[in-house]
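> 3D model of this:
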Amino acid sequence: MDRRRFLALGSSSLAAAVAAACNSDGPRAAARLLRYAERRNEALERALFRHTAIDRPASARLAGDAFPNYYISDRVPVWDPAVRGTWTLEITGAVRHPVRLTLDQLARLPSVTQRVNHYCVEGWTAVTEWTGLRVSRLAKLVGVRPEAGYVDFQSFDDDYHESWDIESAMHPQTLIAYAWDGRFLGPAHGAPARLHSPIKLGYKNVKYLTRIVFLPERNGGYWSDQGYEWYAGV
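This next block holds a predicted model:
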C-alpha cells in the first residue's frame, strides 16, 4: 500500500477515533501513560544508539532511478531563482557565527561521499550514494554554542521541517547532501540540498533545505506533530 492510500484510509479511521474520544495520540484518558511510554521508549533508543557506529550496507548495489521520491507540496518543489532569488542555506540559532551559503560555497567546503542505507517508515530499504558536507563540520564552521541540544532542519517544500537531537546530527554519516549517485541533486530528490543520514528514518531526512536552526529546546516536525515518532532512530 502506498503512502497516499494509507493516509486516505487512515483519515477515516481517525474520524472514528475522534468520535470515540480519541485523537491521533490515542485515548485521551491514556495521554499521561502514553507520554510516559514515549519518553521511556526514546530513552531506550538513545541508549541503544551508538554514535560512533558506521552504516555499511551488506550490498553496494545502488537503487538508482528506482529510489522513490516524496514531497508534501502538490507538485515537485523547484527553486526558481527568477522568483525567489539565489538559493542559500541559512545556518542560525544558538551559534556564534550565523552564515548563509550558496550552493557553490557549500560545494567548495570539504565533502565526503558515502554509500549507505536509506530506511523508510513504510518498510523498504535502499542503498544510495550521497555527497555532501558533514553537519558536524558545519557546526564547527558556525561555532555552535554549548546550550544547543537540538537542530531544526527547515524546507521550502510547503514549510516541511523536522528537528533532531544534537548527538544524531553530529554523527559522521549525517550530511547536508547536494549530490546523489555522482551528480547534483535533481528536484525529485531534494535539490539544491537536503539532509541525509542512515541513522534516522526517511521522514526525518528533510529535503529542499533552506534553513538550519540550532536550538536549546526541542521542537517538533511535520510528521512528528501528527503522531509519528520524534526520535525515529534506526
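> for this protein, what spans make up the strands?
Secondary structure of the chain by DSSP state E: the strands cover 22-23, 26-27, 88-93, 99-102, 112-119, 125-134, 150-155, 161-165, 175-180, 183-184, 194-196, 209-215.
> closest to residue 73 out of these?
Closest to residue 73 of these, according to CB to CB: strand 150-155, at 9.8 Å. Every C-beta, even on glycine, is put in place using the N, C-alpha and C of the backbone.
> the closest one vs strand 161-165, what angle?
Our comparison of strand 150-155 with strand 161-165, counting by axes from the mean of the first three to the mean of the last three CA atoms, to 10 degrees, yields an angle of 160 degrees.
> still on that earlier bit, any chance of CSV for the strands of the chain, columns mean pLDDT, distance to residue 40 and mean neighbour count?
Formatted as CSV, the strands of the chain follow (pLDDT from 0 to 100; distance: least, CB to CB, whole Å; neighbours: other CB atoms under 10 Å):
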stretch, mean pLDDT, distance to residue 40, mean neighbour count
strand 22-23, 48, 21, 14
strand 26-27, 66, 15, 14
strand 88-93, 98, 29, 18
strand 99-102, 98, 38, 16
strand 112-119, 96, 22, 18
strand 125-134, 96, 27, 20
strand 150-155, 98, 20, 22
strand 161-165, 97, 16, 23
strand 175-180, 98, 31, 23
strand 183-184, 96, 43, 10
strand 194-196, 98, 27, 24
strand 209-215, 98, 23, 21
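> quick one, which of the ones you listed gets closest to residue 67.
strand 125-134 (5.4 Å).
> domains of this structure: list them as residue ranges, please.
What automatic domain parsing lists as the domains of the chain is 1-48, 57-226.
> go through those and pick out the most buried.
domain 57-226 (a mean of 17; mean count of other CB atoms under 10 Å).
> and it, how far apart are its ends?
31 Å (CA to CA, to the nearest Å).
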